[in-house]
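Colleague: Have a look at this fold, sequence not included:
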């Protein structure tokens, strides 16, 4: 680990000032400390933001939800308002990492976490995300766990978060505060596809701080759930996952929110699947037909071809589970 | 796994050592490491309290925390993990270094009552925190009920993961995730046991939770 200086921010303004001068924010630290030890990350200054007042969970008008950036994963998962309004968020959180890591990691940090691509984490290999222009060792390497969607010739690494998949499905917004004030970004605009600049992962400016993630209100009743498929039963990243939320009234699907994880460079919104569902009556055939669109545009690599079919089946199963919930 | 180089540059705080008289294997190894570290780090012995800024000296900070009920004030290189603080500075070697990357759970301790991976926790961030390790669970000669249950159920073989399993189990019971063996398995999945004692570990946690 490279040496670094450490400062603890006592309020948001102080944090942003330190961030603007190049300080790196640390909240739970579960990703950052690990990557610093691997010398993938080597910040000169760490700005500890863990004592900032960003720990509230609040219901917004008409049943939306705002989760403070420093609410831990375990606090968010257990929170009565989260469980009541968006149980899919609790499910995705509880299927992530381990109890210990969830006690440390925060919602803001979870969204900011970096890929688990083994080549990214290994400083002896080529990686455009870690070292722009060096090449992508995964493209023709052992790429079984890598992305089939949203990739480029420069990067095929997946975004590892589970809860971000639920956030993407629900069209959450990321609330930011920075040197130039406050702004909000849609989830889809916040996390960036690699393109030719895989080192740029978020549309965040220097000194900007995530203050909260806000889920907009959705029509009720809302049925939802998160399904995660992985190599072992627990404490493992997703090979594929599906977040599904459906509003069904009068026997017809009026609203459908669907996203996939483990398969793409960012949490992958499945708009084609959503469109295939809206206005239709739930049936086994509908789930299969809609899920058939889940891998549209997929570009599988040598070792991850299986993800194309696995993704469709994951989505189909989760549509059936959620669609047929009592 | 390598330990962080620079921590050895900072001498253990006065009165922090819990070692008995005479050099043990551990103090011998630690002393050797400290000498080696001092050579590498050069002027590291000039590190005082607060943030060090002199060229060539890794920044360090003073932090006060409570470990197993005892208040400790230490000066640590900012890179020092809680795990290394416990093991290398305070002589509390019960918490184990397995992966040093948050993937095995052997380093699990309680910070402010919550189970965490001490290998991913920077010590410098723990101002005012209360830390409980395996050394702090027993009350005098009376073992914590989960420690006793691990013995009664024979829930370990090599024992390396055991301190982490027990601290994690204490957290799991406090959190109330012990309604079934399946639930215990899921909520204990952050602790790997390569000897494969899972069945008995689950039984020990279940038995202890049931007594409460």
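Modeller: Alright, I've got the coordinates. These numbers come from a predicted model, not from an experiment.

Colleague: When you work out contacts or count neighbours from here on, use the C-alpha atoms and nothing else.
Modeller: OK.

Colleague: Next, the buried residues of stretch A:149-157.
Modeller: A:149, A:150, A:151, A:152, A:154, A:155, A:156, A:157 (16 or more other CA atoms under 10 Å in any protein chain shown).

Colleague: Ignore what I typed, I meant stretch A:48-62.
Modeller: Buried, per 16+ other CA under 10 Å, within stretch A:48-62: A:48, A:49, A:50, A:52, A:54, A:55, A:57, A:59.

Colleague: out of these, who's near chain B?
Modeller: residue A:48 (CA under 8 Å from any CA of the partner chain).

Colleague: Narrow the buried residues of stretch A:48-62 to those in strands?
Modeller: A:48, A:57, A:59 (DSSP state E).

Colleague: which one among those residues gets closest to residue A:180?
Modeller: residue A:48 (20.9 Å; CA to CA).

Colleague: Run through the residues that contact the closest one.
Modeller: Residue A:48 makes contact with A:6, A:7, A:8, A:9, A:25, A:26, A:27, B:125, according to CA atoms under 8 Å, 6 or more residues apart in numbering or on different chains.

Colleague: beta partners for it?
Modeller: Here residue A:48 sits in beta bridges with residue A:8, residue A:26, as judged by DSSP bridges.

Colleague: mind giving me the domain ranges of the chain?
Modeller: Picked chain A for this. A:5-51, A:223-323 (automatic domain parsing).

Colleague: wait, I meant chain B there
Modeller: Split by automatic domain parsing, chain B gives B:5-52+B:65-136, B:145-211.

Colleague: ok so, going back, now tabulate the domains of chain A in TSV and tack on mean pLDDT.
Modeller: Listed next are the domains of chain A as TSV, based on pLDDT from 0 to 100:
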stretch	mean pLDDT
domain A:5-51	97
domain A:223-323	98
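
Colleague: In TSV, list these along with distance to residue B:75.
Modeller: Below are those laid out as TSV (distance: least, CA to CA, whole Å):
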stretch	distance to residue B:75
domain A:5-51	13
domain A:223-323	35
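
Colleague: Okay, strands next: where are they in chain A?
Modeller: Going by DSSP E, chain A shows strands at A:5-8, A:24-26, A:45-48, A:57-59, A:65-68, A:173-178, A:181-186, A:209-215, A:223-229, A:240-249, A:252-261, A:268-269.

Colleague: got TSV for these, with distance to residue A:91 too?
Modeller: Shown next, in TSV, are these (distance: least, CA to CA, whole Å):
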stretch	distance to residue A:91
strand A:5-8	32
strand A:24-26	25
strand A:45-48	28
strand A:57-59	17
strand A:65-68	15
strand A:173-178	19
strand A:181-186	22
strand A:209-215	15
strand A:223-229	6
strand A:240-249	10
strand A:252-261	14
strand A:268-269	18
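
Colleague: Quick one: closest of the ones you listed to residue A:101.
Modeller: strand A:24-26 (14.6 Å).

Colleague: Please compute how far that closest one lies from its chain's middle.
Modeller: Its chain's C-alpha centre and that of strand A:24-26 lie 19 Å apart, by CA atoms, centre = their mean, to the nearest Å.

Colleague: I'd like to know which elements it is packed against.
Modeller: If contacts are counted by 3 or more CA pairs under 8 Å, 6 or more residues apart in numbering or on different chains; DSSP states H and E, strand A:24-26 sits against strand A:45-48.

Colleague: ok, now with 10 Å
Modeller: Applying 3 or more CA pairs under 10 Å, 6 or more residues apart in numbering or on different chains; DSSP states H and E, one finds that strand A:24-26 contacts strand A:5-8, helix A:12-20, helix A:32-37, strand A:45-48.
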